[in-house]
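Novice: Task: produce atomic coordinates for the following.
(chains A and B)
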Protein chains: 2
Amino acid sequence: MKFMKYVSKIHRCANLYRTGKYGNTDIGNYEDTYILSVCNNPGVSQDALAKIISVHKSNVARHMASLEAKGYIRRNADEKDKRSLLVYPTEKAQIAAADIRKITSEWNTLLLENFSEEEKKLIAEYAKRLAEKAEKIIEGE
Amino acid sequence: MKFMKYVSKIHRCANLYRTGKYGNTDIGNYEDTYILSVCNNPGVSQDALAKIISVHKSNVARHMASLEAKGYIRRNADEKDKRSLLVYPTEKAQIAAADIRKITSEWNTLLLENFSEEEKKLIAEYAKRLAEKAEKIIEGE
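Specialist: Sure, this is the predicted structure:
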């Protein structure tokens, strides 16, 4: 089945929707995910962030450099492990996160408006089980 | 519900799985989607490709430049509209596409192995309906 094609389509359309709503902010393509993750995990290491988001470490490094330059995050060397960078959200990130959550919530409402309550429950359950299985596959089960 | 978080997680884990399987090829992060789309739509314009994949036109331009440099695609100006670039797959892309389809199919099998036939049917149906709705939202319904 074309399952992954549909999943990727939903993911990409959601991104187009959100970036279309950010208006004149300087939030770049896919950077909103990183802003939210840092706000939800202040002091997280870049390596841990790659696991949380399920992306390559090189992607995290690139996005963190961009977000630091724009004033959304700051990075400090870990006192216990000097090679590790810990990431903290700035006030600018906290303000942006509220917007990002609101816009994501609007998208979810639109996307699911034609589904019954019973279907929404099933979709939520399947999505959760699939995401957990996906992470297990990546972690080598 | 955390629906989009799960959808994005599945999408990103699938990407990590596939890129981990490409071994020593020069297929970059997320480039496999573009290779497949060009193979499935030979002679497509870059603008049409952005709609097919549901990404910003700037993303298409960036990935096409990279894939052209690596010999996966070639681009010609459209005879009818000189500003438009039409994209064609090379033999290298056709060979890669067979691998990409095989690895995606393996991923789907792994991801869905713990679901019943009835559940798989429902998941396929919901994923299709959600993807179609997502596209409609982006196109302004």
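Novice: could you say which helix or strand contains the most centrally placed residue in chain A?
Specialist: Centroid-nearest residue in chain A: A:Thr33, 2.6 Å away (criterion: Cα atoms, centre = their mean). Taking DSSP states H and E as the definition, one finds A:Thr33 inside helix A:31-40.
Novice: and that helix, which residues are buried?
Specialist: A:Glu31, A:Asp32, A:Thr33, A:Tyr34, A:Ile35, A:Leu36, A:Ser37, A:Val38, A:Cys39 (16 or more other Cβ atoms under 10 Å in any protein chain shown). No exception for glycine: its C-beta is placed from N, CA and C like everyone else's.
Novice: Of these, which are in range of chain B?
Specialist: By Cβ under 8 Å from any Cβ of the partner chain, the members of those lying near chain B are A:Thr33.
Novice: Dump the buried residues of helix A:31-40 to JSON lines, plus pLDDT.
Specialist: Formatted as JSON lines, these follow (pLDDT from 0 to 100):
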{"residue": "A:Glu31", "pLDDT": "96"}
{"residue": "A:Asp32", "pLDDT": "97"}
{"residue": "A:Thr33", "pLDDT": "96"}
{"residue": "A:Tyr34", "pLDDT": "97"}
{"residue": "A:Ile35", "pLDDT": "98"}
{"residue": "A:Leu36", "pLDDT": "97"}
{"residue": "A:Ser37", "pLDDT": "97"}
{"residue": "A:Val38", "pLDDT": "98"}
{"residue": "A:Cys39", "pLDDT": "98"}
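Novice: Just want the phi and psi numbers for A:Gly71.
Specialist: Dihedral pair for A:Gly71: phi 80, psi 20, per degrees, to the nearest 10.
Novice: How many residues are close by it?
Specialist: Neighbourhood size, A:Gly71 [other Cβ atoms under 10 Å in any protein chain shown]: 12.
Novice: Kindly tell me how buried A:Ala124 is, as a neighbour count.
Specialist: By the measure other Cβ under 10 Å, the count of residues near A:Ala124 is 15.
Novice: just checking, what packs against the helix or strand encompassing it?
Specialist: For A:Ala124, the host element (DSSP H and E) is helix A:117-138. Packing partners of helix A:117-138 (3 or more Cβ pairs under 8 Å, 6 or more residues apart in numbering or on different chains; DSSP states H and E): helix B:3-21, helix B:91-112, helix B:117-138.
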